[in-house]
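>>> Next come a sequence and a model predicted from it.
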Amino acid sequence: MKYIIVGLGSFGASLAQKLTAQGNEVIGIDNNLNKVEANKEKISHTICMDSTDEFTVSGLPLSETNIVIVAIGEDQGANVMTTALLKNMGVKRLISRAINPLHEKVLQAIGVDEIVHPEEETAERWAKKLCLNHVVDSFELNADYSIIEANVPPKYFGLPIRDIAFRKSFNILALTVIKKVEEKSLLGRTKITDQIQGVVSGDYILEQGDIIVLYGANKDLQIFLKQKLR
């Protein structure tokens, strides 16, 4: 996977380093030369540049990049300008960092794909989420084992969990399933809520839209997530 991370502060630099260490190609960008120099040995590529300059940004390999992450935290104006510029340039997947609720609303209006809250989420968690295909969320138990929430792949729709043989085939455990359910409020408004199915049985039939919660070694989870794309 190819990533561009704009902003090499504490969160951005840590995320860029972890993604690089996992074998991805990462371009780390910052307008502070000291930050660029401090990370040049730990990130695939580092560039000192002004990410709000359209001419300079247009020279980046945006069309070949899978995900662009705007991790600028100190300067909200630069964050918004950079995010808007990248959105206009049509990057494949755009993730941006929000500093406060108003900033988040601005980013949502721009149309980013996802929003990062570094004060609540770690770079380790985001690195795993970005590297594992179709992962909705993850919780790292230690360096080797995790619990993840993943979208159920189409080839498993309509199958009971026992037929997939998670333990035998992939050496992982299916803990539960989260189902998206429509509910109506007292005022008649419809909203979508997450309904946890409890400890899932082998008879449970997986459906489109289900999110399955899995436990296992990171390497085994990666094998499963790659297999399901076939």
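Noted; the coordinates are in hand.

>>> What ranges does this structure have for its strands?
In the chain, the segments counted as strands under DSSP state E are 2-6, 25-30, 45-48, 67-70, 94-97, 114-116, 135-140, 145-151, 173-184, 190-196, 211-217.

>>> Only alpha carbons, please: show the third one as CSV.
What it means is strand 45-48. Extracted C-alpha coordinates of strand 45-48, given in CSV (Å, rounded to 0.1, in the frame of the first residue of the first chain):
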residue,chain,number,x,y,z
HIS,A,45,10.4,9.1,2.0
THR,A,46,10.2,12.5,3.7
ILE,A,47,9.6,15.9,2.0
CYS,A,48,9.8,19.4,3.3
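
>>> Which strands or helices does that strand pack on?
Under the contact criterion of 3 or more CB pairs under 8 Å, 6 or more residues apart in numbering; DSSP states H and E, strand 45-48 touches strand 25-30, helix 33-39. C-beta coordinates here come from the backbone N, C-alpha and C atoms, glycine included.

>>> tell me the domain ranges of this structure?
2-128, 134-227 (automatic domain parsing).

>>> Least confident of the ones you listed, on average?
Here the domains of the chain differ in mean pLDDT, and the lowest is domain 134-227 at a mean of 79.

>>> Quick one: the strands of the chain as CSV, columns for distance to T82 too.
Output for the strands of the chain, formatted as CSV (distance: least, CB to CB, whole Å):
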stretch, distance to T82
strand 2-6, 6
strand 25-30, 9
strand 45-48, 14
strand 67-70, 5
strand 94-97, 8
strand 114-116, 14
strand 135-140, 26
strand 145-151, 29
strand 173-184, 33
strand 190-196, 32
strand 211-217, 32
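
>>> Columns distance to L85 and mean neighbour count on top of those strands, output as JSON lines?
Listed next are these as JSON lines, based on distance: least, CB to CB, whole Å; neighbours: other CB atoms under 10 Å:
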{"stretch": "strand 2-6", "distance to L85": "10", "mean neighbour count": "25"}
{"stretch": "strand 25-30", "distance to L85": "12", "mean neighbour count": "24"}
{"stretch": "strand 45-48", "distance to L85": "16", "mean neighbour count": "17"}
{"stretch": "strand 67-70", "distance to L85": "10", "mean neighbour count": "26"}
{"stretch": "strand 94-97", "distance to L85": "10", "mean neighbour count": "24"}
{"stretch": "strand 114-116", "distance to L85": "17", "mean neighbour count": "17"}
{"stretch": "strand 135-140", "distance to L85": "28", "mean neighbour count": "16"}
{"stretch": "strand 145-151", "distance to L85": "30", "mean neighbour count": "19"}
{"stretch": "strand 173-184", "distance to L85": "34", "mean neighbour count": "14"}
{"stretch": "strand 190-196", "distance to L85": "32", "mean neighbour count": "10"}
{"stretch": "strand 211-217", "distance to L85": "33", "mean neighbour count": "20"}
